[in-house]
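Asks: What follows is a predicted structure for the sequence shown.
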Amino acid sequence: MEWTTLNNDVNMPMLGLGVYKVEDGSVTFDTVKAALDAGYRLIDTAAIYQNEESVGRAIRESNVPREEIFVTTKLWNEFHGFDEALQAFEDSLDRLGLDYVDLFLIHWPMPRFGKFVETYKALEQLYEEGKVRAIGVSNFEVSHLEQIIQSCSIVPAVNQVEIHPYLSQKELIAFCQRYDIQIQAWSPLMKGREALTDPVITDIAARHGKSPAQVILRWHLQNGVAVIPKSVTPSRIQENIQVFDFTLTKEEMAAIDGLNRNERTGSDPNEMHKIHY
């Protein structure tokens, strides 16, 4: 496993398990347990995923010490605002059944509310109180990050955004690198859509004796992008972590970079208006 050191000196695994839309209960519990058994040390959930309780139970009942597991959760859109964010965090912590969270993110900027700076200041307080080891944001564009950096005292440690070969986000990555903000990709495999069958990727995969998914994850990692692929299938969970034993060439990296077409599978952060799931 590769780790990265965040801008506050906290270490975070470069690859973890995302549990978006994984059913609460035994499915989430078994999935997290399979990931921890396979060597994963980062589990990414969110209040809106409605599976924090099962994630927390799997972590508490695992044989892996809590301090070796990096746990991320996120603040949902209806809880923007200083006091609302503080309460929402306590509710997440209670559902997880943990003493602290390693990373707490604002899930979407929701610019039409105009409250993400105030909300982020609540995260700063949680950080100062030692309830979270790092704070950050998710789905923030350059303009949103600029407002946070200008108005707040702590630069986000992480910006988790949609990135995959058809949405490479090079400008956003470059901005984050300037401020030592670690980029983390959600939907790194484009939700299993056509990127996995793109001939450029399948050809590279064949050359390395790897799967297309492994090649895409390797591409992210070599670009300095952390990844949280989602799977509930134990064999896929194992496959996704087996990406540290090969390297893509400069030419192969450039070929995958060339696939970008700015195509999103999720919402545009400037147009995201969902309050409820």
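Replies: Alright, I've got the coordinates.
Asks: Grab the nearest non-local neighbour of residue 260.
Replies: Distances taken as Cβ to Cβ, 6 or more residues apart in numbering place residue 168 nearest to residue 260, at 4.1 Å, with adjacent residues excluded. To be clear about C-beta, it is placed using only N, CA and C from the backbone, and glycine gets the same treatment.
Asks: Model confidence at that neighbour, what's the number?
Replies: As summarised for this prediction, residue 168 has a pLDDT of 95.
Asks: From residue 68, how far off is it?
Replies: With distances taken as Cβ to Cβ, to the nearest Å, residue 168 is found 32 Å from residue 68.
Asks: so residue 12 touches residue 2, yeah?
Replies: No. If you go by Cβ atoms under 8 Å, residue 12 and residue 2 don't touch, sitting 10.2 Å apart.
Asks: Going by secondary structure, residue 74 is in what exactly?
Replies: strand 70-75 (DSSP states H and E).
Asks: What of residue 185?
Replies: strand 182-186.
Asks: And for that strand, what's in contact with it?
Replies: The contact list for strand 182-186 (Cβ atoms under 8 Å, 6 or more residues apart in numbering) reads 4, 6-7, 12, 18, 20, 44, 136, 138, 157-164, 169, 172-173, 176-177, 220, 224-228, 266.
Asks: average pLDDT for it?
Replies: Throughout strand 182-186, pLDDT has a mean value of 98.
Asks: tell me the angle of that strand relative to strand 70-75?
Replies: Here the directions of strand 182-186 and strand 70-75 differ by 70 degrees (axes from the mean of the first three to the mean of the last three Cα atoms, to 10 degrees).
Asks: Now do the same contact list for the residue nearest to residue 260.
Replies: 257, 259, 260.
Asks: so of those residues, which ones are in helices?
Replies: residue 257 (DSSP state H).
Asks: Buried ones only from the contacts of residue 168, please, as a ChimeraX command.
Replies: Selecting only the buried entries of these in ChimeraX, with 16 or more other Cβ atoms under 10 Å as the criterion:
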select :259
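Asks: Out of the contacts of residue 168, the closest to residue 251 would be?
Replies: Checking the contacts of residue 168 against residue 251 with Cβ to Cβ, the nearest one is residue 257 at 10.5 Å.
Asks: Roughly how far does that closest one sit from residue 250?
Replies: According to Cβ to Cβ, residue 257 stands 10 Å off from residue 250.
Asks: Let me see the ranges of the strands in the stretch 151-277 of the chain.
Replies: In the stretch 151-277 of the chain, the strands defined using DSSP state E, counting those that start in this stretch lie at 158-162, 182-186, 226-227.
Asks: which ones are touching residue 80?
Replies: Applying Cβ under 8 Å, 6+ apart, the residues near residue 80 are 106, 110, 113, 115, 116, 118, 119.
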